[in-house]
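Undergrad: 3D model of this:
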Amino acid sequence: MSAMAAGAAATDPMLPAVARVVGRRRETADVWTLEVAPPDGWAGFAPGQFNMLYLPGLGEVPISMSGDPAAPGPIRHTVRAVGAVSAALAALRPGAAVGLRGPYGSAWPVAEAAGADVVVMAGGLGLAPLRPALYRLRAERARYGRVALLYGTRSPADILFRRELERWRRQLDLEIEVTVDRAAGDWRGSVGVVTRLLPRIAFEPVSSVALVCGPEVMMRFAADALLDAGVPEPRIHLSMERNMRCAIGQCGHCQFGADFVCKDGPVMSYDRLRARLKIREL
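TA: The predicted structure is shown next:
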């Protein structure tokens, strides 16, 4: 791959390093998790950060890490096959080369949440960027109060990491509530939007920290529900993964008001975003 070079990021921030796919797991009909061997110089990532993944002749896309930030070994990226680049990434087999730049962006405030209740709200593929934070919360469970995951998706077939969620639920170290837009088959769980799950959990709103990721409309409604429950704006954090192309704040595609999502985000507090989220087409 002439456009990629191992260790290239040290000399040119826009030139990807070569990484190799070492594993591939199907999560749902159109979602796959790729395991990529860390390139030379990889120093790990913080929950909520993303990489830029590149395929010659197709392009580059931002993909959040979805694995355990404390675990050695492959870097995990969970990808929905919806466009040319993401579909090609999802189809990569072990041994294939992929360009990688990163990690970039801000992180979920997991350390800052110590001593507080934590409410994690995910919609659809938004569970993937939140998964590293959940790993960290579980690994240091004694540092936090009550921890709850509220997850909404289209149908039972679209539930990500289903076996893992079931295992976590059995271990009783965090509360897990899942809802779907449309019930199917033998589904006996909740049906409806994810915000309807909030009244089911016990937490101390004023001192809680909320982590929210999903489609932008879902995050707006989730933030409103959390505010109505009494969670202060600065303690609600959203992941604004929109229009990122260069990841270093140069191209301007991800400018969101005064911020560049790639540099100042993707994780930002609601008090910083509130006014802009209410402006259509911004």
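
Undergrad: in its sheet, what does the strand ranked longest in the chain sit against?
TA: Ranked by residue count under DSSP state E, the longest strand found in the chain is strand 17-28. Applying DSSP bridges, strand 17-28 is found paired with strand 31-36 (antiparallel), strand 97-104 (antiparallel).

Undergrad: pull out the buried positions in that strand.
TA: 17-22, 24, 27-28 (16 or more other CB atoms under 10 Å). (Glycine included, C-beta is placed from N, CA and C.)

Undergrad: do the same with stretch 48-68
TA: In stretch 48-68, counting by 16+ other CB under 10 Å, buried: 48-55, 60-68.

Undergrad: swap in stretch 138-158?
TA: Those buried within stretch 138-158 under the rule 16+ other CB under 10 Å are 144-145, 147-153, 156, 158.

Undergrad: the residues you listed in strands, which ones?
TA: Going by DSSP E, the strands hold 147-153 from the buried residues of stretch 138-158.

Undergrad: make CSV from those and add distance to Thr11 and pLDDT to it.
TA: Below are these laid out as CSV (distance: CB to CB, whole Å; pLDDT from 0 to 100):
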residue, distance to Thr11, pLDDT
Val147, 42, 98
Ala148, 45, 98
Leu149, 41, 98
Leu150, 44, 98
Tyr151, 42, 98
Gly152, 44, 98
Thr153, 42, 97
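
Undergrad: ok, now which ones touch Val231?
TA: Taking CB atoms under 8 Å, 6 or more residues apart in numbering, we find Val231 in contact with 119, 205-206, 208, 210.

Undergrad: which residue, other than its chain neighbours, is closest to it?
TA: Pro205 (4.8 Å; CB to CB, 6 or more residues apart in numbering).

Undergrad: that neighbour touches Leu227, doesn't it?
TA: No: in this structure, Pro205 is not within contact of Leu227 by CB atoms under 8 Å, at 9.3 Å.

Undergrad: how close does the residue nearest to Val231 get to Ile236?
TA: Taking CB to CB, to the nearest Å as the measure, Pro205 falls 10 Å from Ile236.

Undergrad: identify the contacts common to these two.
TA: Joint contacts of Pro205 and Ile236 (CB under 8 Å, 6+ apart) are Leu226.

Undergrad: more neighbours: which of the two?
TA: With neighbours defined as other CB atoms under 10 Å, Pro205 and Ile236 compare such that Ile236 has more, 26 against 17.

Undergrad: burial measure for the nearest residue in space to the more buried one that is not next to it in sequence, as a count.
TA: Take Ile236 and drop its neighbours on the chain: the residue closest to it by CB to CB, 6+ apart is Tyr270, 3.9 Å away. Neighbour count for Tyr270, taken as other CB under 10 Å: 24.

Undergrad: quick check: Tyr270 touching Leu238?
TA: Yes: here Tyr270 lies in contact with Leu238, judged by CB under 8 Å, at a distance of 6.2 Å.

Undergrad: mind checking the SS state of Met218?
TA: Using DSSP: H, G, I helix; E, B strand; the rest coil, the structure places Met218 in helix.

Undergrad: I figured it hits Gly123, correct?
TA: Yes: assessed by CB under 8 Å, Met218 is found in contact with Gly123 at 3.9 Å.

Undergrad: have a look at these two and say which one is more surrounded.
TA: A count of neighbours by other CB under 10 Å puts Gly123 above the other of Met218 and Gly123, at 24 against 20.

Undergrad: so who does the more buried one touch?
TA: 151-153, 194, 213-215, 218-219, 222.

Undergrad: for it, which non-adjacent residue is closest in space?
TA: Closest to Gly123 by CB to CB, 6+ apart is Gly214, at 2.4 Å.

Undergrad: residues contacting that neighbour?
TA: 121-126, 152, 194, 222.

Undergrad: related to what we said a few turns ago, now the common contact residues for Met218 and Gly123.
TA: 152, 194.

Undergrad: give me the number of residues near Gly99?
TA: 22.

Undergrad: in the sheet, who's paired with it?
TA: Val18, Tyr54.

Undergrad: make 42 the first number, not 1, from now on.
TA: In the new count, where the first residue is 42, that last one comes out as Gly140.

Undergrad: was I right about it contacting Asn92?
TA: No: with contact defined as CB under 8 Å, Gly140 does not reach Asn92; the gap is 9.7 Å.

Undergrad: how near is Tyr152 to Ile104?
TA: In this structure residue 152 is Ala, not Tyr. Taking CB to CB, one finds Ala152 at 24 Å from Ile104.
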